[in-house]
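In: have a look; sequence and predicted model below, questions after that.
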Amino acid sequence: MAMKLFEYVVLHHPKVTKDVQGNETQGPDKVLKQPTPVLANNDKEVAMRAAREIPETYVDKLEEVEICVRPF
């Protein structure tokens, strides 16, 4: 089977928190891994590779991390 071209990016979306006045605040979204082209058999393989690129400091915040994959 021929491999296909994909691109992935890893993003961090901080949780919404409340300040002392009860207002909801959220820190800015952050790109953890710039868009990266990769050859793979399918999008699941790309997502697994991208998951390995998540920095150690975000391992305890995985619910705030998003992996986006797009085929070409």
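Out: That came in fine, so what should we check first? Residues are numbered from 1 along each chain as shown.
In: now do the strands in the chain.
Out: For the chain, the strands defined by DSSP state E cover 4-12, 17-18, 24-25, 30-40, 65-71.
In: show the contacting residues for the closest residue to Glu53 other than its chain neighbours.
Out: Nearest residue to Glu53, sequence neighbours excluded (Cβ to Cβ, 6 or more residues apart in numbering): Lys33, at 4.6 Å. In short, each C-beta sits where N, CA and C put it, glycine included. Applying Cβ atoms under 8 Å, 6 or more residues apart in numbering, we find Lys33 in contact with 8-10, 50, 53-54.
In: mind putting the residues you listed in a markdown table, distance to Gln21 and pLDDT included?
Out: Shown next, in a markdown table, are these (distance: Cβ to Cβ, whole Å; pLDDT from 0 to 100):
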| residue | distance to Gln21 | pLDDT |
| --- | --- | --- |
| Tyr8 | 39 | 98 |
| Val9 | 35 | 98 |
| Val10 | 33 | 97 |
| Ala50 | 38 | 97 |
| Glu53 | 38 | 93 |
| Ile54 | 33 | 96 |
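In: which of these are buried?
Out: For those, burial is judged from neighbour counts taken by 16 or more other Cβ atoms under 10 Å, and it is met by 8-10, 50, 54.
In: where does this structure dip in pLDDT?
Out: Scanning the chain with the threshold set as pLDDT under 70 gives 1.
In: find the residue at the geometric middle of it.
Out: Centrality entry for the chain: nearest residue to the mean C-alpha point is Val10, 2.6 Å, by Cα atoms, centre = their mean.
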